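Undergrad: Below are the sequence and a predicted model; questions follow.
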Amino acid sequence: RDTLEDPYATLGTTKDAPDAEIKKAYRRLMNQHHPDKLAARGLPTEMMKVAEENTVRIRAAYDTIREARAR
């Protein structure tokens, strides 16, 4: 994956989105992609790696935005 991916695009938000909207988008995506949630829904084991990669990407995007806004 491209490390320069826009963190706002990853979360499906824009740069002018309020913090609450960004947090809501982060939580929604984590709920959809978290490996533990997907395992509970019966996701095949081979798909767990993709789910783990997605959660890492989503978490990194959220952390990047939070750090930038804290400055």
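TA: Now that the structure is in, tell me what you want to look at.
Undergrad: what packs against the longest helix seen in the chain?
TA: The single longest helix within the chain, with elements called by DSSP state H, is helix 48-70. Other elements packing on helix 48-70 under the criterion 3 or more Cβ pairs under 8 Å, 6 or more residues apart in numbering; DSSP states H and E are helix 7-11, helix 19-33, helix 35-40. Glycine gets a C-beta too; all of them are placed from N, C-alpha and C.
Undergrad: In the shortest one, which residues are buried?
TA: Within helix 7-11, the residues scored as buried using 16 or more other Cβ atoms under 10 Å are P7, Y8, T10, L11.
Undergrad: Please apply the same query to the longest one.
TA: Applying a neighbour-count criterion of 16+ other Cβ under 10 Å, the buried positions in helix 19-33 are I22, K23, A25, Y26, L29, H33.
Undergrad: which stretches of this protein have low pLDDT?
TA: Within the chain, the stretches with pLDDT under 70 are 1-4.
Undergrad: tell me, what residue is most central in the protein?
TA: I58 (2.1 Å; Cα atoms, centre = their mean).
Undergrad: That one against R27, yeah?
TA: No. Between I58 and R27 there is no contact under Cβ atoms under 8 Å: 10.0 Å.
Undergrad: out of the buried residues of helix 7-11, who's nearest L43?
TA: T10 (20.9 Å; Cβ to Cβ).
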